[in-house]
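>>> Below is the sequence, then the predicted model.
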Amino acid sequence: QVQLVESGGGLVQAGESLRLSCTASGQTFSTMTVAWFRQAPGKEREFVAGILWSGSSYNYEDSVLGRFTISKDNAKSTVTLKINSLKPEDTAIYYCASALGPYGLRGSQSDFRFWGQGTQVTVSS
């Protein structure tokens, strides 16, 4: 079992930056994937970025390249998603999820077994 708790969401202005954190506990191991997904109002949930728990590999959805950065803090057992130059279309609930292997980096939701409760990000124009 892996427990995931997200934090860092909120209401921000367009152009600002935000840092989301996902703290994992339980049976973590180096080859599992921790990823961020988001679900905007009226849309399906989509993959944003993922990273191996070891921090050695990562992947991004093409549309967020250059603005989103995913990283792993080994000391805090936390995966962070830094979002720069926020846009109103980034408004969504952001979820952290874990997959049991590196295949999670491909971003398929069905690969992810454990999910956090989500954190709301609202970007005003």
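Looks like it came in fine. Numbers count the residues shown, from 1 in each chain.

>>> Isn't C96 up against L4?
Yes - using Cβ atoms under 8 Å, C96 is in contact with L4, at 4.7 Å. For the C-beta atoms, the positions are set from N, CA and C on the backbone; glycine is no exception.

>>> Same drill for these two, tell me which one is more crowded.
C96 (27 against 20; other Cβ atoms under 10 Å).

>>> Let me know whether my guess that the more buried one is in a strand holds.
Yes - with DSSP: H, G, I helix; E, B strand; the rest coil as the criterion, C96 is part of a strand.

>>> measure it to V48 for me?
10 Å (Cβ to Cβ, to the nearest Å).

>>> Is the residue most central in space within the chain bridged to anything, and to what?
Nearest to the mean C-alpha position of the chain, counting by Cα atoms, centre = their mean, stands W36 at 2.1 Å. For W36, the beta-bridge partners under DSSP bridges are A49, C96.

>>> Pull up the overlap in contacts between C96 and V48.
35-36 (Cβ atoms under 8 Å, 6 or more residues apart in numbering).

>>> residue ranges for the strands of this protein, please.
All strands of the chain, identified by DSSP state E, fall at 2-7, 10-13, 18-26, 33-39, 46-52, 58-60, 68-73, 78-83, 92-99, 112-115, 119-124.
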